[in-house]
Structures are given as structure tokens and as C-alpha cells.
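Participant: no sequence on hand, only this structure:
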């Protein structure tokens, strides 16, 4: 589901090299559409998740921090490797799930506070206003339902995602989370060992889309806490 881009003429490539601007450290604010993350939770079956809004951030449920700058153009290069960290994640089951013998509970997915979810982004500057990027994360999460929690680990990756120096009209600009002149554009699809096809729905107002695969967080429980 990676975006397809037209080949640029030589003149456009040269113009890109001359006009390419740097990007600074910053944050990407993302939104997960209902039902695009589906997790196999063993005795609970497959559970569909939706955004559980981070307070004060419109309908944002996921925040990625870019920790390094990227320098492009004549004084730099046409690519940059940037350290990234998933610093907030907040999802909830689309509907309550039955825990046999106990009752119905909402299921929550958050980051494991004891393990940083870090990774790397390879950013390509391919035209004067942006380009494409690849990224991966080691994702450590806590899945909670009722009095019980599971801690899980998975690796997620995306390829050929699009970015721009200019914020899309729907992008949620927030002064506490500066962009650094880098904005994801369109649908960002992260897949794991068992990717699934997800629909490229139109973004909801005020957010960019984060699409997760059914493999998210499914490498297995490393700790159980009753």
C-alpha cells in the first residue's frame, strides 16, 4: 500500500537539490481510525480497537518524536537518518469484551512505561517541498482489561510514506509539539510480521491517519500481572 510517485525530470531534480530545506527535531501527531488495529488476544478472541483521544489533543492518539535534525541540499545530503521514539499511544476496544466468569470490560492499549519504544526513520528529500520516508519501531505496550495487564513487544515498519514541509489543511498543529518543518501526508501504514490490508479512508477532521496492522503488539506476552 505504499504510495506511487512519478519520476521527476532532470530539471526538477536539480531544482529540488537547490531548494531543499532542512527539517528540525519535532513531533508527528497521528490518529487511528476505528477498527484498523485488530489484536488476537487469545481467550478474548480478536479485538478491534479505536482511538482513545489523548486529553487536550483533538482526536490524536499517537505521538512520535523525531529526535534528530535532517540537513538537505547543497550543504547536506538528499537523505537523513533520524532517531525516533513512540512517546504516546492510547487505544481502546471498539466495544467492551467479555472476560469469562468476570464480566464485560473495555480493553486499553498504552505504551509500556518501563521500556522505550524507539526506532529510526530514513527521510528522503525528493522535491522542493518534501519526499518520502521509511520507519521502524520496537514497540513495547501494555494491554489492560479489567484487573489484568499484559506487556508485549513487536517490531513495526513502514515504507514509502509521504511527507511535506507544508502542513496539510487537516493537520493538528499544536504549540507543545512543534513539527520541525516535517509533516506526514496521507495514510501511514505500519505492518509487522503478519500484515493485513487496511482501507485508505479519508482523514477525520484535525488529524492525519495512523493505520496499524493486525500484527501490532502480537509477538507475545513477556509478563503477566493479575
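Facilitator: Structure's in. What do you need? What you see is a predicted model; the values in this text were computed from it and never measured.
Participant: helices of this structure, start to end?
Facilitator: For the chain, helices defined by DSSP state H occupy the ranges 10-19.
Participant: OK, contacts around residue 123?
Facilitator: Contact partners of residue 123, counting by CB atoms under 8 Å, 6 or more residues apart in numbering, are 23, 70, 79, 80, 81, 82, 131, 133, 163, 182. Where you see a C-beta, it was placed from the backbone N, CA and C, and this is true even at glycine.
Participant: now the buried members of these.
Facilitator: Among the contacts of residue 123, those buried by neighbour count (16 or more other CB atoms under 10 Å) are 23, 70, 80, 82, 131, 133, 163, 182.
Participant: closest to residue 33 among these?
Facilitator: Of all the buried ones among the contacts of residue 123, residue 163 has the smallest distance to residue 33: 19.9 Å, by CB to CB.
Participant: pLDDT score for that closest one?
Facilitator: On the pLDDT scale, residue 163 is placed at 92.
Participant: what's opposite it in the beta bridge?
Facilitator: Beta-bridge partners recorded for residue 163 (DSSP bridges): residue 131, residue 184.
Participant: can you check residue 136 too?
Facilitator: Under the criterion DSSP bridges, residue 136 forms beta bridges with residue 120, residue 157.
Participant: picking that back up, restricted to strands, list the contacts of residue 123.
Facilitator: Using DSSP state E, 79, 80, 81, 82, 131, 133, 163 are the members of those that sit in strands.
Participant: dump the residues you listed to CSV, plus distance to residue 148.
Facilitator: Converted to CSV, those look like this (distance: CB to CB, whole Å):
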residue, distance to residue 148
79, 44
80, 42
81, 39
82, 37
131, 44
133, 37
163, 39
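Participant: picking up where we left off before, let's have the buried ones among the contacts of residue 123 in a markdown table, adding distance to residue 188.
Facilitator: Shown next, in a markdown table, are these (distance: CB to CB, whole Å):
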| residue | distance to residue 188 |
| --- | --- |
| 23 | 16 |
| 70 | 18 |
| 80 | 18 |
| 82 | 15 |
| 131 | 14 |
| 133 | 9 |
| 163 | 10 |
| 182 | 13 |
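Participant: residue 101: which of those residues is nearest?
Facilitator: Each of the buried ones among the contacts of residue 123 was checked against residue 101 using CB to CB; the closest is residue 133, at 46.9 Å.
Participant: which residues does that closest one contact?
Facilitator: Residue 133 makes contact with 121, 122, 123, 124, 161, 162, 163, according to CB under 8 Å, 6+ apart.
Participant: swap in 10 Å and give it another go.
Facilitator: For residue 133, the contacting residues are 70, 79-80, 82, 84, 121-125, 158-163, 182, 184, 188, by CB atoms under 10 Å, 6 or more residues apart in numbering.
Participant: so what's it closest to, chain neighbours aside?
Facilitator: Excluding the flanking residues, the one nearest residue 133 by CB to CB, 6 or more residues apart in numbering is residue 123, at 4.5 Å.
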